[in-house]
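Novice: Provide a 3D model corresponding to the input given below.
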Amino acid sequence: MPRTAPVDEATDTPTERALHCADALSRAAAEAARQHERLGRCLELGCSDAEAQHLAEVTALCDAHLDAMTASYETSANSAAEAKDQPWWHAANALWHASREYGRRHAGSDRVSRLLGKHSKEKLTELTMEYELERSALMALKQATVAFRATRPAAD
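Specialist: Residues are numbered from 1 along each chain as shown. Model prediction:
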């Protein structure tokens, strides 16, 4: 299985750092999406409360990792202007945008579900819409991950 070169932040060029961060972002996005799907499948199957709680914690950890890798890529990409001509650049930026949008939508659905308290019919409609937008953002994240990996198969 091909591997990316070891990361040596002291000697890497800004483009190499951005590429390493893009690879890490891709892996984090793929894992976050996988864990969300896993949690969803388990909930559909009617798993125990303990299993659901543990899977939710793993999923939250993957989301936090995705947030960190999104910020890391943003920082490294901003200092790698010469990378804009690289074939992976646009796919990495699309992945970055999808990651940011997913994080925004995920935070929004969490916020709405906490604030709603008692769920009237109207509030449940709002909550359903927020979850649908989050699901759509997750699908866009998966598509952006696939597109990036088409330009960087060694990123796995």
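
Novice: Secondary structure element holding residue 76?
Specialist: If you go by DSSP states H and E, residue 76 is part of helix 49-78.

Novice: Excluding chain neighbours, what is closest to residue 65?
Specialist: Excluding its sequence neighbours, the residue lying closest to residue 65 (C-beta to C-beta, 6 or more residues apart in numbering) is residue 28, at 5.0 Å. In this view, the C-beta of every residue, glycine as well, is placed from N, C-alpha and C.

Novice: Ok, residue 67 next?
Specialist: Leaving aside its sequence neighbours, residue 67 sits nearest to residue 103 (C-beta to C-beta, 6+ apart; 5.5 Å).

Novice: so what's the residue positioned nearest the centre of the chain up against?
Specialist: Nearest residue to the geometric centre of the chain (C-alpha atoms, centre = their mean): residue 29, 3.5 Å. For residue 29, the contacting residues are 66, 69, 95, 98-99, 102, 141-142, 144-145, by C-beta atoms under 8 Å, 6 or more residues apart in numbering.

Novice: After the helix or strand of the chain with the lowest mean pLDDT, which helix or strand is next?
Specialist: Every helix and strand in the chain was compared by mean pLDDT, DSSP states H and E; the lowest is helix 89-116, with a mean of 80. Next helix or strand after helix 89-116 toward the C-terminus (DSSP H and E): helix 121-151.

Novice: What residues sit buried inside that next one?
Specialist: With burial defined by 16 or more other C-beta atoms under 10 Å, the residues of helix 121-151 counted as buried are 127, 130-131, 133-134, 137-138, 140-142, 144-145, 147-149, 151.

Novice: And for the residue nearest to residue 67, the neighbour number?
Specialist: As a burial measure, residue 103 scores 19 neighbours (other C-beta atoms under 10 Å).

Novice: pretty sure it is touching residue 66, no?
Specialist: Yes: here residue 103 reaches residue 66: they are 7.0 Å apart, a contact under C-beta atoms under 8 Å.
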